[in-house]
Structures are given as C-alpha cells and as structure tokens.
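Engineer: Build me a structure from this.
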Amino acid sequence: MVDPSDAIGKAKAAVVERAELPGMSLMEHLDELRRRIIHSALYLAVGFIAVWFLHDRFVGIVQAPLNHIGKSLVFTHPMDPLNLDLQVSLVGGAILASPFILFQVWLFIAPGLYQREKRFAVPFMLATVTLFVGGAVFGYFWVLPGALKILIVNFGHNFTPMVTIEEYMSFFLSIILGLGISFEMPVLIFFLAMFGIVSPRFLWKNFRYAVLVVFVIAAVICPSPDPWTMCIYAIPMLALYGIGIGAAWWVHPDRKRAKEAAA
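Structural biologist: Reported below is the predicted structural model:
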C-alpha cells in the first residue's frame, strides 16, 4: 500500500523541481539563441585566425597521408591553393574552438534542464570533444592511409593518378568528419535516454539492427572488401553503441523512478 505522505512529498518535490526552470518567452528564447550564435561565431573566427598563421603546417598534415605513398596534390584552377588554405584553416579553427562552441550550446539548453541535469555540463563537453577527436584520429591514422593505399596504389597501379586539391579535400573531410561525428554516438544516446526518447531496453532489443547499420557504415568507409578489415572499422562503433546503452541505463527516467520507489 502506498503511503499518502510519501506521495504528497514526491509531488511537492516535483513542483519544487519544476519551479527551478525559469520561464522564458519566445522572444527571450530567440534573443538567447542569437547571443549564443554570435558568441560561437566569434570563437570560430578566433580559431580560424589562430590556425591561419600556421596554415602551411596544417596543410602539410592534411597532405601527409598522400605524400606517404609517393603522390602529391595537383590543382586545375588558380584559386585552388588559396581555397585549400582557407578550408584547412576553417576546419582547424572549428576543431580548436569546439570546446567553447559546445559550451555555448550547453548555455542555450541549460535553462530547460533541472538542477540535477546541469551537473552533466563538464562531462558533456569532455566526452563530446574526446569522442570526436578520437574518431578523427582513427580516421587520419588508419582509415585514410589504408583507403589511399588500396584505391591509388593497388587498384590504380595501371594508371597515372592526378589527385586534385578539391577532390582530395572532399575525400579527406568525408572520412575525418564522418568518423568524428559517428564516434559521438554515446553522447547522442545519452541525451535521448535522459529525455526519455529511447530506453536501454529498446536499444538492447534492437541491437541486431544496430549491428546491421554499423556494418553498412563500415562497408561504405572501408577501403577494402575484405570482411576482416571491415570488422576493424565496425568493432569500435559497436563498442560505442554498447557504451551508449550503459549511459542510457544510467540516466533513463525509469531507473530513477525505480530507485525512488525502492527508497
């Protein structure tokens, strides 16, 4: 039998908790969004300028996987070298400014969170940056060199490669940014679970579909049709999905309600 005093106490606690949330009108939300966008743009501009002064070094880092197999970039338009410098500076500046930009994102969504949820601010930023950098590093040191070697050296050994700046940068960014974003899976699952959109039971029940999707993605980014090589790319993403299930179990509202009921 439920104790009426406990039910009343929990109801009062819920009312107090909701009272923590400040009321904001639509115009106030839009004004807050404008402020965060402006701050983010300023951080991006500072990051762009900082990287621009070292753009030759960063361009060398971008070209290194291609130079490692004895090839170099060519250009077909007079603006291509300048566009490469600008693009590398912009992407490098965005990565450099990402912690500050993510903090602006957090400041925008924080007013809609309860006090107990705001404690995730620092872990959110650390996890997001770490996972993205981890995915980018995985792509730069393993996926990109392997793809270039197989596609240019193995499959293209009967031809003379002419890798243009524009096409190489498109290929480079698709791998580096694609893997960086893919590695954010635990953070995405964390927030979906925290807001009750998905549950650990749902994620575990649909694990076989997640395996299918992960292997499809691995088949797209994997430079070799060899299934063992494909597994090398799929296993980290499956591990991240498993970490996401653990994070979902930790923050899902059902677990909190069960814990409160047991207390």
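Engineer: so which strand or helix has residue 29?
Structural biologist: For residue 29, the host element (DSSP states H and E) is helix 26-52.
Engineer: Kindly tell me how buried residue 92 is, as a neighbour count.
Structural biologist: Counted with other Cβ atoms under 10 Å, residues neighbouring residue 92 total 22. The way it works is simple: take the backbone N, C-alpha and C, and place the C-beta from them, glycine included.
Engineer: Residue 132 now?
Structural biologist: Residue 132 is flanked by 22 other residues according to other Cβ under 10 Å.
Engineer: now do residue 123
Structural biologist: Neighbourhood size, residue 123 [other Cβ under 10 Å]: 11.
Engineer: likewise the one 10 residues further on?
Structural biologist: The local packing of residue 133 (other Cβ under 10 Å) involves 14 other residues.
Engineer: now swap in residue 210 and tell me
Structural biologist: For residue 210, the count of nearby residues is 18 (other Cβ under 10 Å).
Engineer: Can you point out the buried residues in the helix holding residue 29?
Structural biologist: 36, 39, 40, 43, 44, 47, 48, 51, 52 (16 or more other Cβ atoms under 10 Å).
Engineer: and stretch 27-38, how far out from the chain's middle?
Structural biologist: From the chain centre to the centre of stretch 27-38 is a distance of 23 Å (Cα atoms, centre = their mean, to the nearest Å).
Engineer: and that stretch, average pLDDT?
Structural biologist: Stretch 27-38 carries an average pLDDT of 87.
Engineer: all helices of the stretch 1-150 of the chain, in order?
Structural biologist: Residue ranges of the helices in the stretch 1-150 of the chain, as given by DSSP state H, counting those that start in this stretch, are 4-19, 26-52, 55-67, 80-109, 115-118, 121-138, 144-148.
Engineer: what would these look like in JSON lines with distance to residue 207?
Structural biologist: Shown next, in JSON lines, are the helices of the stretch 1-150 of the chain (distance: least, Cβ to Cβ, whole Å):
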{"stretch": "helix 4-19", "distance to residue 207": "33"}
{"stretch": "helix 26-52", "distance to residue 207": "36"}
{"stretch": "helix 55-67", "distance to residue 207": "34"}
{"stretch": "helix 80-109", "distance to residue 207": "29"}
{"stretch": "helix 115-118", "distance to residue 207": "27"}
{"stretch": "helix 121-138", "distance to residue 207": "20"}
{"stretch": "helix 144-148", "distance to residue 207": "28"}
